[in-house]
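> Please find the sequence and the predicted model below.
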Amino acid sequence: MKKSPLTSGMTDKFARSCRLILPAILLLGATAAAAQVGGAIGQIQNNSNSLVGQWRGVYQGITFTIVIQPNGQYSQLAQKGTLMTQQSGPYKLSAPNTIIFSVTNWQPKTQQIYHPTGTVGGYYTTERTGKPPGATDSYVFKGANTITLIDQMMHGSITLTRVQ
């Protein structure tokens, strides 16, 4: 019998990978707000470097899509095959080229966990998933439609391209 992705450990590996880079992606949100209002922190007044919009990048086979809104909110989706996570919340700039993302909503909030019993059989339980951590990231524009985010804690990076 073929193992379910939930029982093979893929879900845990996916979630661990997302935790490393998701905070970096969240960095885009705060920058977008400063870009739109010409904030003193970001000093980004050139519309070609605006972060408002939809961005996409791939890290370790996981596709990340983040939508930055001019109202200080972001939403982010991480997907690999049929596995997917989502998080959203506010963002703000804390220093030049640094952004802080806060998570106020996320999915999934529960997941099915398989508990084997003996050598044959088992049962599933529904368990809550914890709130993802927020993130503090630095960013570097590589052009009007390309940006690299660097997570300040894990030092991982991802390059994102504007798709809208």
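Yep, that arrived. Just so you know, these numbers come straight off a predicted model, no measurement behind them.

> Around P90, count how many other residues there are.
Counted by other C-beta atoms under 10 Å, the residues lying close to P90 total 18. Any C-beta I mention is one placed from the backbone N, CA and C, and that applies to glycine too.

> From S75, how far off is it?
As judged by C-beta to C-beta, to the nearest Å, P90 and S75 stand 11 Å apart.

> With V103 instead?
On the measure of C-beta to C-beta, V103 and S75 end up 11 Å apart.

> for P108, same thing?
Distance, P108 to S75, by C-beta to C-beta: 15 Å.

> Any idea how far the longest strand along the chain is from the middle of the chain?
In the chain, taking DSSP state E as the definition, the longest strand is strand 83-95. In terms of C-alpha atoms, centre = their mean, to the nearest Å, the centre of strand 83-95 is set 6 Å apart from its chain centre.

> Over to stretch 90-104?
Per C-alpha atoms, centre = their mean, the centroid offset for stretch 90-104 relative to its chain is 13 Å.

> Now do the buried residues in that stretch.
Across stretch 90-104, burial judged by 16 or more other C-beta atoms under 10 Å covers 90-93, 97-103.

> So which of those residues sits lowest on pLDDT?
Least confident entry in the buried residues of stretch 90-104, by pLDDT: L93, with 72.

> May I have the beta-bridge partners of it?
Beta-bridge partners for L93, by DSSP bridges, are I99.

> so it makes contact with I99?
Yes - contact criterion C-beta atoms under 8 Å: L93 and I99 qualify, at 5.7 Å.

> Could you point out the helix or strand that follows the lowest-mean-pLDDT helix or strand in the chain?
Least confident helix or strand of the chain, by mean pLDDT, DSSP states H and E, is helix 10-37 with a mean of 46. Per DSSP states H and E, helix 10-37 leads on to strand 53-59 as the next helix or strand towards the C-terminus.

> could you check the angle strand 53-59 makes with the following helix or strand past that following strand?
Downstream of strand 53-59, the next assigned helix or strand under DSSP H and E is strand 62-68. Here the directions of strand 62-68 and strand 53-59 differ by 160 degrees (axes from the mean of the first three to the mean of the last three C-alpha atoms, to 10 degrees).
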